[in-house]
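Engineer: When you get a sec, could you give me coordinates for this:
(2 chains)
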2 protein chains.
Amino acid sequence: MTKLSDFFSRELPRVNVTIEQELAHLNPLVKEVGRHILLSGGKRLRPMLTILTARCLGHHGEDIYPLACSLEFLHSATLIHDDILDNADTRRGRKACHLIFGLHRTVLAGDALLALANLIVARYDIPAMNYCVAQAIMRTATGEVEEIAQIRSPRPDRAAYLEIIRGKTADLIRAACSCGAILAGADEDLIEHADSFGLNVGMAFQLVDDALDYAADHELLGKPLGGDLREGKITLPLILYLQTLQEYQQRTLLHKMAHDELSESEMKRIVDSIQEMGLDKKVREEAGEYLQLARQSLKHFPGTPQKSLLLEIIEVVRSRKF
Amino acid sequence: MTKLSDFFSRELPRVNVTIEQELAHLNPLVKEVGRHILLSGGKRLRPMLTILTARCLGHHGEDIYPLACSLEFLHSATLIHDDILDNADTRRGRKACHLIFGLHRTVLAGDALLALANLIVARYDIPAMNYCVAQAIMRTATGEVEEIAQIRSPRPDRAAYLEIIRGKTADLIRAACSCGAILAGADEDLIEHADSFGLNVGMAFQLVDDALDYAADHELLGKPLGGDLREGKITLPLILYLQTLQEYQQRTLLHKMAHDELSESEMKRIVDSIQEMGLDKKVREEAGEYLQLARQSLKHFPGTPQKSLLLEIIEVVRSRKF
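Structural biologist: Reported below is the predicted structural model:
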C-alpha cells in the first residue's frame, strides 16, 4: 500500500460521515437523490486535494471536512445535471438519478446541492472562499455549455477543446486546492501556487481521461471504448487523428459526427487507428506537461509529509490505466 | 402616477443596465439564454425591494445595484428550470427558453445564473450576505421539490401548502429584503425585521397569485383560469373548496387530479364554485393577515420616504388584480 492510498483510506470514512451530516440539512425528497449520487462511491479526489492542500500549508483543524465535502457536492450536482443532459443510463455503476427519481426531482436536487455547497462555504465567513467557489461553478457550467455547442458543430479546434476541459473539469479541481490554501490562511503567492497546482492537475486529469476513452483496458473501464466519439465529443485524441487526414476526409468525418451518421465499424476503425498511431500516448505526453507545471507549483509548498502525497497524486494521474 | 410607480420607473433603467453589465460576465452561449429570460420584462419586485430596504436603512451607495440584480438572477434561474419541468410554452409572453435554446443549454444556463448570483454577492465581502443567498436558493429548490411531490399525491394539507409557498416564493423575497438590510449595515434586530417584512410580503404575494389563478380577470391575466388545477397543484383556494365537500367527493376529486383525469367541464365547475363561494376572497383575506405582519415589521424602520414606498408595496400586493 502506498502512503497515498493509506491516506485515502484513513480519510475516506471521515469524508463520508461529513457528507452524511451535511446531507441531513436537505429536505428528505432532495436528500434521497443526494445520497444516491454521493454515496455511490467515487474517488473523492476533490475533497482529498482540499484536505491535503490545507494540511500541507499548516491548517490542522477539524473544520476542513465540510469545506472539502462542499467541493464534492458541487461535483455531484454537475454530474446529475450532466447525466440528464447526456441521457445517461448509469453513473458509477448505479442507475442514473433521473431514471430513479424523475427529471423534476433530479434537476431540483442538483440545484439544491449547488446551494448546499455555497451554504457550507458561506459558514466559514471567509469571502474569498465564497468567491472562489461561485466562480468555479460558473466556469463549470460554461465549460459544459461550450462542450454541447461543440457537439452540434464539431471542429478540430485545440484551443476550444482546452478551454472546454478547463471549464468542465480543471476549474473545480483548482477551486478544491485554492479553498484549502485559503482556509489555511496562506499568503497570496502561496494561494496562487495552490491554484495553479490544482488547475494543472485538473487539465492533466481530463486529458488522461480523454486518452483512456480511446485506449483504456476497456474491461477495467467498464464501458466500451470510443464513448466520446459516439457522443460526438471532439477530444484531443480525435483532434490529433483529424490532423492526419486530408481536408476532404476531415470534412466528411466532422459532417458525419454532427449528423450522428458514423457507423459502428467506422467508429471502431477510428479507435483502432488512434491506438495504432499512438495518439493516445501523445495525449498522455501533453498531460505530462501540465503535470510538470503542477510539480513546479509544489516547489513553493513547505516540505511536509502532505507535500509528498501531493507529488504522489501527480504520478497517479499520470499513470492512470482506467 | 403614484410615488411607487414613479420610483419603479426611475430605478428600472438602472437595474436593467446593471443586469446587462453583469450578464457580460457570462460566456456568449449562456448570455443569450440569460438575456432572453432577463430582458423580457418582469416586475423586478425583488431588486426594487432590495434597493428600497437598503435606502430606507441608510445605505445610499451606488453599489446596491449589482446586489439587487443578483436576486433577479436567482429568480430567473428558478424560472427557467421551472419552465423546463412544467414543460411550459411561454414565460412573460415570450417563448420559453428551452424551446428556443434546447434543454441542455437551458439547464446549464440556469446553473450559470445561480452561480453568477453567488459570484456577485461574494464580491461584497460580507459573509452574512452569502449565507443568506445560499440559504434562499436551497429553500427555493426544496419548495419546488415539495410542490412536485404534492402534485404526485395531492392532499388538502394547509400546512404543507404554506411550507411550499414559503420555499418557492417567500424565501427569495425575504432574502431580497435581508440582503438590503445587511448591506446597509443595519443591526441584528433591524435585519430581522427586514427579513420578516420580506417573508410576509412574499407569502401574501403567492397567496394572492393563487387566488388570482381562480378568479382573475383572465383577459388581464393572459392565460385561462384554473391553471393550477390543470397542473394538479393544490393551492389554498382548492383546499378551502375541498373542505366544503363530503369525504367521498374529496377522495374522488383528489384521485382524478393525481391521475390527470379531470375533464374540462369538471374543472370549469370547480373554478365557478370557488368564485361563487367567494373562496378566492377568503384567500386574499389570509394574504391580508400576512401583510398585517409585514406592516408591523415596518414599524421598526426609520420614517424615511422609502418607508412610505414599502408601505405602498404592501397595498399593491393586496389589491393586485392580475
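
Engineer: In the stretch 151-300 of chain A, what residue comes closest to chain B?
Structural biologist: residue A:167 (8.4 Å; CB to the nearest CB). For the C-beta atoms, the positions are set from N, CA and C on the backbone; glycine is no exception.

Engineer: Now for that residue: which residues touch it?
Structural biologist: By CB atoms under 8 Å, 6 or more residues apart in numbering or on different chains, the residues touching residue A:167 are A:139-140, A:142-144, A:146.

Engineer: what about residue A:230, how many neighbours?
Structural biologist: 16 (other CB atoms under 10 Å in any protein chain shown).

Engineer: could you show me where the helices are in the stretch 51-200 of chain A, in order?
Structural biologist: Assigned by DSSP state H, counting those that start in this stretch, the helices in the stretch 51-200 of chain A fall at A:64-86, A:97-122, A:127-152, A:158-165, A:171-183, A:188-215.

Engineer: Pretty sure residue A:24 sits against residue A:30.
Structural biologist: No: using CB atoms under 8 Å as the test, residue A:24 is too far from residue A:30 to be in contact (11.4 Å).

Engineer: who has more neighbours, the two?
Structural biologist: Per other CB under 10 Å, whichever of residue A:24 and residue A:30 has more neighbours is residue A:30, with 28 against 9.

Engineer: roughly how far apart are the more buried one and residue A:77?
Structural biologist: Going from residue A:30 to residue A:77 by CB to CB, to the nearest Å gives 11 Å.

Engineer: joint contacts of the two?
Structural biologist: Common neighbours of residue A:30 and residue A:77 (CB under 8 Å, 6+ apart) are residue A:113.

Engineer: and stretch A:288-295, what's its mean pLDDT?
Structural biologist: Stretch A:288-295 carries an average pLDDT of 98.

Engineer: immediately after the lowest-mean-pLDDT helix or strand in chain A, which helix or strand?
Structural biologist: Within chain A, no helix or strand scores below helix A:218-221, which has a mean of 62 by mean pLDDT, DSSP states H and E. Next helix or strand after helix A:218-221 toward the C-terminus (DSSP states H and E): helix A:227-231.

Engineer: Please identify the buried residues of that following helix?
Structural biologist: Of all the residues in helix A:227-231, those buried under the rule 16 or more other CB atoms under 10 Å in any protein chain shown are A:228-230.

Engineer: which residues touch that helix?
Structural biologist: A:86, A:151, A:210, A:213-214, A:235, A:238, A:257, A:262, A:267, A:270-271.

Engineer: try stretch A:168-179
Structural biologist: Residues contacting stretch A:168-179 (CB under 8 Å, 6+ apart): A:45-47, A:49-50, A:53, A:67-68, A:70-71, A:74-75, A:78, A:121, A:129, A:132-133, A:135-136, A:139-140, A:143-144, A:147, A:191, A:194-203, A:205-206, A:209.

Engineer: if we go to 6 Å?
Structural biologist: A:46, A:49-50, A:53, A:67, A:71, A:129, A:132-133, A:136, A:139-140, A:143-144, A:194-195, A:197-199, A:201-203, A:206 (CB atoms under 6 Å, 6 or more residues apart in numbering or on different chains).

Engineer: Look up the closest residue to residue A:77, ignoring the ones flanking it.
Structural biologist: residue A:113 (3.9 Å; CB to CB, 6 or more residues apart in numbering or on different chains).
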